[in-house]
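[1] Predicted model and sequence follow; I will ask about them next.
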Amino acid sequence: MEKQDLSRRGFVGGSLAASLVSSARAAGANDRIRVANIGCGRRGLLKELIQLKDSGNIEIAAVCDTWRQKREKAAADVKEFTGKEPFQTARMAEVLARTDIDAVIIGTPDHLHCSMLIEAIKAGKDVYIEKPLAMNMRELVRAFDAVKRSDRIVQVGTQMRSYPNSGGAKKLISTGELGKILKVEQVRNGYSPYWMSYGGDKFFNEKPAEADVDWKAFLGDRKARPFDAAQYQGWYGFRDFSRGPHTNLMVHFIDEVHYVTGASIPRRVVAMGGTYRWKGAFDAPDSVEVLLEYPEDFMVRYCTVFGTGAGNYAKWFGTRGTLDAKNLSPSQKWVVSGQGSGEPDRVKDELEVVPVETPHHMQNFLDCVRSRKQPIAPIEAGYAHSVAVIMADEALTTGRRMLYDSSRRDVQPG
């Protein structure tokens, strides 16, 4: 979730570069993977690809973005740091038509994820797709089925699974160190508006002009409308393009819960929220509270308030103690203690979660493109996290408790 800062100094001594030392692999020229970056703006996936160009043995052969200046900047960065100028286009179809592209890295607005994934699969490309995978059940089922009918490798961009602490927490909980898990919760607050979550002020310094934007390509299957610079640049804040923090941000936490506990899809979900601080044209909520109940008999709570940066934390509560995962940062130590437990076998001494070394999330995808093994965040993980956030959004917008019907693969009130 880094900003896309491609200064030479930013590449020296970076945490990503350090993490790649153990996962670098030797590959001949005929093993080179030619990739295309679709969506070159906020998320910074291009930076990851550039950092992986040698250890991952990849060529960034194409960049695609609907904003001309962002596209040209991305192409210039690729040429500066790799020595080769990539193909440029505003339309993904032109990338998919190229037979020299092996894989596409999709970092576009949320509403384009499923349709782009399906088109890439049809074109025979392997895909790294950003989260959330889907905004409604209809498109989620279509995308899931398209992937399952294919032989393509798909990695979903829930990169917390690849944190060493995540692997350590998964191992620790699977061994019963915390006893039975009763609840997991995260509070993830931020002062700035939700629609400025990624990129911040720096991203909004440059204003898009209609002549520089492929507005139709940006809208995709959304209702046609005149060009709107605020919707284009601040799409996080409009429900046509991103439902809100309970879908775009909570998805990281929910996927982490699924990965660490082994749980999959919630049994029932309730939610409340609204726009309490940053009022205006944006219609995605800036404050939400979600409660999810799982068939494994534990609850998950997620809370976000934009307007205050205080109170961030993530914790697992078990019968034998508590796992304090701080704010789910990969750079902080996660700690287990007997806090809150009155059991005779409670955790006696405070101990740190032992990290499990794991390849970088993007490196894992590239490795799987070569080996044809399933990545750490496969399509099944994307399906499960999407069901959870769709249930949360339906609960929020209807004011009703939502249930998942596995036989119909649908979300319904109940």
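    Happy to help now that I have it. Numbering: from 1, shown residues only.
[2] Settle this for me: Ala381 is touching Gly262, isn't it.
    No: counting by C-beta atoms under 8 Å, Ala381 does not reach Gly262; the two are 11.7 Å apart. Backbone N, C-alpha and C define where each C-beta goes, glycine included.
[3] Which of the two has more residues huddled nearby?
    Comparing Ala381 with Gly262 by neighbour count (other C-beta atoms under 10 Å), the higher total belongs to Ala381, at 23 against 12.
[4] Surely that one is within a strand?
    No: checked against DSSP: H, G, I helix; E, B strand; the rest coil, Ala381 lies outside a strand; its state is helix.
[5] ok, and the closest non-adjacent residue to it?
    Among residues not flanking Ala381 along the chain, Val156 sits closest, at 5.8 Å (C-beta to C-beta, 6 or more residues apart in numbering).
[6] Pull the number of nearby residues for the one you found.
    Val156 has 31 neighbours, counted by other C-beta under 10 Å.
[7] Check Gln339 too.
    By other C-beta under 10 Å, neighbour count at Gln339 equals 15.
[8] do the one 10 residues further on as well
    Counted with other C-beta under 10 Å, the neighbours of Asp349 add up to 7.
[9] Ok, Tyr198 next?
    Neighbour count for Tyr198, taken as other C-beta under 10 Å: 17.
[10] Low-confidence ranges, the stretch 101-250 of the chain, go.
    Where the stretch 101-250 of the chain drops to pLDDT under 70, the residues are 199-202.
[11] So which residues of it form helices?
    Assigned by DSSP state H, counting those that start in this stretch, the helices in the stretch 101-250 of the chain fall at 113-122, 137-149, 164-174, 200-204, 215-219, 229-233, 245-248, 250-261.
[12] any chance of the ones you listed in a markdown table, plus distance to Arg400?
    Converted to a markdown table, these look like this (distance: least, C-beta to C-beta, whole Å):
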| stretch | distance to Arg400 |
| --- | --- |
| helix 113-122 | 25 |
| helix 137-149 | 16 |
| helix 164-174 | 32 |
| helix 200-204 | 35 |
| helix 215-219 | 30 |
| helix 229-233 | 29 |
| helix 245-248 | 15 |
| helix 250-261 | 19 |
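[13] nearest to Asp324, of those helices?
    For those, the distance to Asp324 is smallest for helix 164-174, at 10.6 Å, taking C-beta to C-beta.
[14] That closest one vs helix 250-261, what angle?
    50 degrees (axes from the mean of the first three to the mean of the last three C-alpha atoms, to 10 degrees).
[15] Confirm for me that the residue nearest to Ala381 is in contact with Glu380.
    No: counting by C-beta under 8 Å, Val156 does not reach Glu380; the two are 9.3 Å apart.
[16] Could you report the neighbour count for the closest residue to Ala134 other than its chain neighbours?
    Distance criterion C-beta to C-beta, 6+ apart; nearest residue to Ala134, sequence neighbours excluded, is Leu140 at 3.5 Å. For Leu140, the neighbour count with other C-beta under 10 Å is 22.
[17] Residue most distant from the centroid, the chain?
    Pro344 (39.8 Å; C-alpha atoms, centre = their mean).
[18] Report the secondary structure element holding it.
    If you go by DSSP states H and E, Pro344 is not part of any helix or strand.
[19] That one and Val389, how far apart?
    Pro344 sits 39 Å away from Val389, taking C-beta to C-beta, to the nearest Å as the criterion.
[20] Equivalent analysis for Leu140, please.
    10 Å.
[21] Quick check: Arg401 touching Gly414?
    Yes: in this structure Arg401 lies within contact range of Gly414 using C-beta under 8 Å: 6.5 Å.
[22] Quickly list what's touching both of those two.
    Listed as contacting both Arg401 and Gly414 by C-beta atoms under 8 Å, 6 or more residues apart in numbering are Arg268.
[23] Most tightly packed of the helices of the stretch 101-250 of the chain?
    Comparing these by mean neighbour count (mean count of other C-beta atoms under 10 Å), helix 245-248 comes out on top with a mean of 26.
[24] now it: how far from the chain's centre is it?
    Averaging C-alpha positions (C-alpha atoms, centre = their mean, to the nearest Å) puts helix 245-248 10 Å from its chain's average.
[25] tell me what it is packed against?
    Here helix 245-248 touches strand 287-294, strand 298-305, helix 379-398, going by 3 or more C-beta pairs under 8 Å, 6 or more residues apart in numbering; DSSP states H and E.
[26] Now render the ones you listed as TSV, adding mean pLDDT and distance to Ala271.
    Shown next, in TSV, are the helices and strands packed on helix 245-248 (pLDDT from 0 to 100; distance: least, C-beta to C-beta, whole Å):
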stretch	mean pLDDT	distance to Ala271
strand 287-294	98	4
strand 298-305	98	9
helix 379-398	98	4
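[27] Pick the most deeply packed of these.
    The highest mean neighbour count among the helices and strands packed on helix 245-248, using mean count of other C-beta under 10 Å, belongs to helix 379-398: a mean of 24.
[28] Show me what that one is packed against.
    By 3+ C-beta pairs under 8 Å, 6+ apart, helix 379-398 packs against helix 137-149, strand 154-156, helix 245-248, helix 250-261, strand 268-274, strand 287-294, strand 402-405, strand 410-413.
[29] do you know which of these lies nearest Asp100?
    Across the helices and strands packed on helix 379-398, closest to Asp100 is strand 154-156 (C-beta to C-beta), at 20.5 Å.
[30] Give me the contacts around the closest one.
    Here strand 154-156 has contacts from 117, 121, 126-131, 133, 147, 255, 361-362, 364-365, 368, 375-379, 381-382, 385, using C-beta under 8 Å, 6+ apart.
[31] how does it look with 6 Å?
    127-129, 131, 133, 147, 365, 375, 377, 379, 381-382 (C-beta atoms under 6 Å, 6 or more residues apart in numbering).
[32] check contacts around Arg161.
    259, 376-377.
[33] residues contacting the nearest residue to Trp195 once chain neighbours are set aside?
    In space, and not counting its chain neighbours, Trp195 is closest to Gly237: 3.1 Å by C-beta to C-beta, 6+ apart. Counting by C-beta under 6 Å, 6+ apart, Gly237 makes contact with 195, 282, 284.
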